[in-house]
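Colleague: Curious how this folds, go ahead:
(one chain, ligands or ions: 1)
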Amino acid sequence: MPDPAMARPLVLVVEDEAALATMLRYNLEKQGFRVDEAADGQEALSRISETTPDIVLLDWMLPAMSGLEVCRQIRRRPATRDLPVIMVTARTEDQDAVRGLNTGADDYITKPFSTEALIARMRALLRRSGSLPTKSTLAFDDITLDLASHRATRNGRALHLGPTEFRLLQYFLEHPRRVFAREELLDAVWGKDIHVEPRTVDVHIRRLRKAINGPEERDLIRTVRAAGYAIDTEAA
Ligand code: CA
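Modeller: Okay, the predicted model is just below:
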């Protein structure tokens with residue numbers, strides 16, 4: 001049973017076999033996903049430009065443009081560089097799967113596959129990409145963020161965060177230890193359509209540090225020179 005409280009991620013199913021596409025749509029919708037379809041690579045790329053899905057299920061063997069090429073093009077566009085892609089292949093050779101992953105697919109699944117196996121992989125990827133929050137509480141080290149009540153604590157002490165600092169901390173907690181460039185943080189926390197200077201991120205990181213780090217506590221925000229910021233227990 002799909003959890004009604006859970007977000008309903010949008011899946012783009014790229015599949016030229018109509019019967020398989022219909023079956024996938026039926027099973028995915030039953031599991032609480034929204035489904036969009038494309039029967040070939042060109043259509044897939046134009047669908048993606050119109051409405052970016054949360055995840056792409058990409059058939060390898062497509063007419064005209066192969067799944068590999070579609071994946072390459074998805075990765076080439078800055079807006080979809082991090083879009084989760086699962087390659088669907090009928091081939092069993094490891095060599096091909098490795099090629100698929102090198103092209104930028106996040107995972108692959110070999111036909112025939114069970115709906116359960118597919119959905120498990122999709123959920124794992126969506127959780128990693130932050131499209132599927134699984135808990136109402138996020139935690140890292142001694143920091144806890146309660147998304148339902150919008151409260152943050154460190155070591156039991158309430159943290160006073162502005163709305164931007166809250167979203168920033170939430171994003172870090174959703175991706176612990178991952179280093180984000182300022183531009184990535186701007187896209188994720190401020191939104192793609194808002195034009196702010198990358199230096200704005202520094203200002204809010206400073207505020208976040210001040211809010212979360214008590215006098216005796218270690219700094220959990222790691223500054224990576226020329227790369228960006230991460231939440232990490234090794235902040236040095
Ligand atoms: Ca096919």
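
Colleague: Now Cys71: closest residue in space that isn't a chain neighbour?
Modeller: Using C-beta to C-beta, 6 or more residues apart in numbering and skipping residues adjacent in sequence, the residue nearest Cys71 is Thr103, 4.9 Å away. Placement of C-beta: from N, CA and C, glycine included.

Colleague: Can you tell me the centre-most residue of the protein?
Modeller: The centroid of the chain falls nearest to Ser129 when counting by C-alpha atoms, centre = their mean (1.6 Å).

Colleague: That one: what's it in contact with?
Modeller: Ser129 makes contact with Asp54, Ile55, Asp82, Pro84, according to C-beta atoms under 8 Å, 6 or more residues apart in numbering.

Colleague: And it, what's its pLDDT?
Modeller: Reported pLDDT at Ser129 in the predicted model: 79.

Colleague: what do you get for Ala7?
Modeller: Confidence score, pLDDT, at Ala7: 57.

Colleague: swap in the one 5 residues further on?
Modeller: If you check Leu12, the pLDDT there is 97.

Colleague: swap in Ser66?
Modeller: Listed pLDDT for Ser66 reads 91.

Colleague: The residue in the chain positioned nearest to the ion in helix, strand or coil?
Modeller: Closest to the ion within the chain is Met61: 4.0 Å, counting by C-beta to the ion. With DSSP: H, G, I helix; E, B strand; the rest coil as the basis, the three-state label of Met61 is coil.

Colleague: what's around it, how many residues?
Modeller: 15 (other C-beta atoms under 10 Å).
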